[in-house]
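Colleague: No letters, just coordinates:
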């Protein structure tokens, strides 16, 4: 009769040991995953900042090119307007 009790005690001890091990391993696993997530997030933030800086540089370069093109086109427009004004003045003087 004592043998079933000792088997029950052994299985009970095994269950307790397994539960204690899980009780230790689960928090260790969670902390490890949290650390990995923080490191990964830091890397992603760094990549995001780098991409944002690159996009800002491209936008600034494009805007500078547009301003330069507009500056080149503006004298032509001014010349055309001056020519039109001159033609109108000449036509008005002839009348």
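Modeller: Cool, got the structure. All figures in this text were calculated on a predicted structure; none of them were measured in a lab.
Colleague: Spatially central residue in the protein, please.
Modeller: Centroid-nearest residue in the chain, with CA atoms, centre = their mean: residue 48, separated by 3.2 Å.
Colleague: Secondary structure element holding it?
Modeller: When elements are assigned from DSSP states H and E, residue 48 belongs to helix 2-94.
Colleague: count of neighbours near residue 51?
Modeller: Neighbour count for residue 51, taken as other CB atoms under 10 Å: 10. The C-beta positions use only the backbone N, C-alpha and C, and glycine is treated the same way.
Colleague: ok, now residue 91?
Modeller: One way to gauge burial is a neighbour count; for residue 91, by other CB under 10 Å, it gives 9.
Colleague: Then residue 37?
Modeller: Applying the criterion other CB under 10 Å, we find 10 residues in the vicinity of residue 37.
Colleague: same deal with residue 36?
Modeller: 10.
Colleague: Which pLDDT does the model give residue 76?
Modeller: What the model reports for residue 76 is a pLDDT of 66.
Colleague: That should have said residue 1, apologies.
Modeller: The predicted structure scores residue 1 at 42 on the pLDDT scale.
Colleague: cool, residue 82 as well?
Modeller: What the model reports for residue 82 is a pLDDT of 73.
Colleague: quick one: it from residue 20, how far?
Modeller: Distance of residue 82 to residue 20, computed by CB to CB, to the nearest Å: 93 Å.
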